[in-house]
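Participant: what follows is a predicted protein model with its sequence.
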Amino acid sequence: GHIDYIVKKAISLGVEPITAIKAACHNAARYFLLNNRGAIAPGYLGDFVIIDDFEHFNIEKVYKRGVLMCENGQVADFPVPEVDPY
């Protein structure tokens with residue numbers, strides 16, 4: 001995607017990785033008034049990814065609301081609630 005490209009480019013030009021990531025996440029969320037996104041903190045939704053390193057930026061894990069959703073390209077096992085079809 002374009003955001004990870006921009007973050008990688010910024011890092012390659014000397015921007016500290018944390019600064020580049022904050023600009024892509026926290027600052028962008030503030031700009032779009034997404035007040036409960038863009039950071040890992042109390043009151044935030046807890047959507048985040050784990051990457052391999054700051055050079056390659058390959059996503060290893062994806063969390064949605066603090067729950068593991070995907071790991072190494074595979075959907076994680078998680079309980080699916082029963083739904084009454086009628």
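Facilitator: That came through fine.
Participant: mind listing what's buried in the longest helix along the chain?
Facilitator: For the chain, the helix with the greatest residue count under DSSP state H is helix 2-12. If you call a residue buried by 16 or more other C-beta atoms under 10 Å, then helix 2-12 has these buried ones: 7-8, 10-11. Yep, even glycine has a C-beta here, placed from its N, CA and C like the rest.
Participant: what's the most distant pair in those?
Facilitator: Greatest spacing in the buried residues of helix 2-12, by C-beta to C-beta: 8 and 10 (7.4 Å).
Participant: which parts of the chain are strands?
Facilitator: 48-51, 59-64, 67-71, 74-75 (DSSP state E).
Participant: got TSV for those, with distance to residue 81, mean pLDDT and mean neighbour count too?
Facilitator: Formatted as TSV, those follow (distance: least, C-beta to C-beta, whole Å; pLDDT from 0 to 100; neighbours: other C-beta atoms under 10 Å):
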stretch	distance to residue 81	mean pLDDT	mean neighbour count
strand 48-51	23	91	15
strand 59-64	15	91	15
strand 67-71	13	91	14
strand 74-75	16	89	8
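Participant: now render those strands as TSV, adding distance to residue 27.
Facilitator: Shown next, in TSV, are those (distance: least, C-beta to C-beta, whole Å):
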stretch	distance to residue 27
strand 48-51	16
strand 59-64	21
strand 67-71	24
strand 74-75	30
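Participant: nearest to residue 82, of these?
Facilitator: Going by C-beta to C-beta, the one of the strands of the chain nearest residue 82 is strand 67-71, 18.1 Å.
Participant: that closest one pairs with which strands, and in what direction?
Facilitator: Partner strands and pairing direction for strand 67-71 (DSSP bridges) are strand 59-64 (antiparallel), strand 74-75 (antiparallel).
Participant: pipe the ones you listed into a markdown table and attach distance to residue 51 per row.
Facilitator: Compiled in a markdown table, the strands paired with strand 67-71 are given as follows (distance: least, C-beta to C-beta, whole Å):
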| stretch | distance to residue 51 |
| --- | --- |
| strand 59-64 | 6 |
| strand 74-75 | 17 |
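Participant: verify the stated contact: residue 3 with residue 24.
Facilitator: Yes. The criterion here is C-beta atoms under 8 Å, and residue 3 meets it with residue 24 at 5.3 Å.
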